[in-house]
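Undergrad: Quick one, structure for this:
(2 chains)
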Protein chains: 2
Amino acid sequence: MNKIYVLRLGHRPERDKRITTHVALVARAFGANGFILASVVDNKILESIRKVLDKWGGLMHIEMGVDPYEYVREWKRNGGLIVHLTMYGLHIDNVIDKIRDSGRDILIIVGAEKVPRFFYNIADYNVAIGHQPHSEVAALAVFLDRFYRGLELHLSFHNAKIYIEPVEKGKKVIRIA
Amino acid sequence: MNKIYVLRLGHRPERDKRITTHVALVARAFGANGFILASVVDNKILESIRKVLDKWGGLMHIEMGVDPYEYVREWKRNGGLIVHLTMYGLHIDNVIDKIRDSGRDILIIVGAEKVPRFFYNIADYNVAIGHQPHSEVAALAVFLDRFYRGLELHLSFHNAKIYIEPVEKGKKVIRIA
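TA: Below you'll find the predicted structure:
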């Protein structure tokens, strides 16, 4: 199975703490294997992700403070595919099958406000989850949901200490001894 | 076609400004007809939504500061269906067809941290977008994407002043005179 990493660009610790945390949690919950935060180290976000991994399980490679230009070039040199999520790109319906069928490792670039032209150019696919302004959290979730054809929402997570048993009303949480 | 409104609960203006804005933008971009903010009026969010509607088009009913208990009861009295998105609920795969086929107006409740038991109880469906912690923004997007079977990402918006022409690299924005 190919490896999927998410590279978060343009994170501003004050402003983006919660959005970037949601991006990371979506990466984990929707089956990505890695979450890379470009340019800055944000220990609050690191702590939030680690807490979730510890309690709910799963293995996710995490790196922070990497140079995104270098990281993307290296990914490409290693034969991986680069997907950049942007409302300006090609509609997901027109490219998702090609991306899935490539069988290659995939780096998904998720930007904040302004993404430098470099990333549009180096991407193998600039992919739009529709062409309307909405949310990078939503874009990542829908991309992964389409990529994995919904199977990701049935994953079970390695080493979980806790899981949920679905109920019609209320909450049922199972703690694993 | 049935009407879909999104009711955002538990918004704290300081902490949730960006997440709630993303919820509202996802509601609009993914085809909901209304966005209701419970309990508080947040003019910054109102302004963000209005700006997007003005520029990118679309009609969305917006209300803020409503009593969510009253609103939900009233929705139900009018024959509408209540869907509450929560990781503790039934898996979306097991309920989405029933919800779609109901043909009823749907109020989608999107909570923040703690949702009072009342909403679990009054909901016709407590729906989990997987049973892992992630994001209410992602949950709403995936719910609507499954509900509309992806057609929502091809909507065109009424009275838009601007739209995007998809391109492989870069950006192409068309302004309507």
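
Undergrad: you'd agree A:Arg146 is up against A:Ile92?
TA: Yes: the pair A:Arg146 / A:Ile92 is scored as a contact, 6.1 Å apart, by CB atoms under 8 Å. Glycine gets a C-beta too; all of them are placed from N, C-alpha and C.

Undergrad: What segments of chain A are strands?
TA: Here chain A has its strands, by DSSP state E, at A:4-8, A:34-38, A:61-66, A:81-91, A:106-110, A:125-128, A:162-164, A:173-175.

Undergrad: Reformat those strands as a markdown table; add mean neighbour count.
TA: Shown next, in a markdown table, are those (neighbours: other CB atoms under 10 Å in any protein chain shown):
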| stretch | mean neighbour count |
| --- | --- |
| strand A:4-8 | 25 |
| strand A:34-38 | 23 |
| strand A:61-66 | 15 |
| strand A:81-91 | 22 |
| strand A:106-110 | 26 |
| strand A:125-128 | 24 |
| strand A:162-164 | 16 |
| strand A:173-175 | 10 |
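
Undergrad: measure the residue nearest the centre of chain A to chain B for me?
TA: For chain A, the residue sitting closest to the mean C-alpha position, by CA atoms, centre = their mean, is A:Ala27 at 3.5 Å. To chain B, A:Ala27 is 9 Å away according to CB to the nearest CB, to the nearest Å.

Undergrad: Equivalent analysis for A:Val52, please.
TA: A:Val52 is 6 Å from chain B, where distance means CB to the nearest CB.

Undergrad: Could you list the low-pLDDT ranges of chain A?
TA: Applying pLDDT under 70 to chain A flags the ranges A:1.

Undergrad: Next, the buried residues of the biggest helix by length in it.
TA: With secondary structure taken from DSSP state H, chain A has its longest helix at helix A:13-29. Residues A:16-29 are the ones in helix A:13-29 that count as buried (16 or more other CB atoms under 10 Å in any protein chain shown).

Undergrad: Report the angle between it and strand B:81-91.
TA: Here the directions of helix A:13-29 and strand B:81-91 differ by 60 degrees (axes from the mean of the first three to the mean of the last three CA atoms, to 10 degrees).

Undergrad: and helix A:13-29, what does it pack onto?
TA: strand A:4-8, strand A:34-38, helix A:43-56, helix A:136-147, helix B:13-29, helix B:136-147 (3 or more CB pairs under 8 Å, 6 or more residues apart in numbering or on different chains; DSSP states H and E).

Undergrad: 10 Å instead?
TA: strand A:4-8, strand A:34-38, helix A:43-56, strand A:61-66, strand A:106-110, helix A:136-147, helix B:13-29, helix B:136-147 (3 or more CB pairs under 10 Å, 6 or more residues apart in numbering or on different chains; DSSP states H and E).

Undergrad: just how off-centre is it within its chain?
TA: Here helix A:13-29 is found 9 Å from its chain centre; the criterion is CA atoms, centre = their mean, to the nearest Å.

Undergrad: between it and strand A:34-38, how many degrees?
TA: Between helix A:13-29 and strand A:34-38, the angle comes out at 160 degrees (the same axes, to 10 degrees).

Undergrad: Just give me the neighbour total for the nearest residue in space to A:Ala38 that is not next to it in sequence.
TA: Leaving aside its chain neighbours, A:Ala38 sits nearest to A:Pro68 (3.7 Å; criterion: CB to CB, 6 or more residues apart in numbering or on different chains). Applying other CB atoms under 10 Å in any protein chain shown, we find 21 other residues in the vicinity of A:Pro68.

Undergrad: Now for A:Arg146 and A:Ile92: what residues contact both?
TA: By CB atoms under 10 Å, 6 or more residues apart in numbering or on different chains, A:Arg146 and A:Ile92 have these common neighbours: A:Ile99, A:Val127, A:Ile129, B:Gly150, B:Leu153.

Undergrad: Whichever of the residues you listed count as buried, I'd like them selected in ChimeraX; how would that read?
TA: In ChimeraX, this line selects whichever of the shared contacts of A:Arg146 and A:Ile92 come out buried by 16+ other CB under 10 Å:
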select /A:99,127,129 /B:153
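
Undergrad: Closest to A:Arg117 out of the shared contacts of A:Arg146 and A:Ile92?
TA: Set against A:Arg117, the nearest of those by CB to CB is A:Val127 (16.7 Å).

Undergrad: any idea how far A:Asn2 is from chain B?
TA: The value you get for A:Asn2 to chain B, if CB to the nearest CB is used, is 21 Å.
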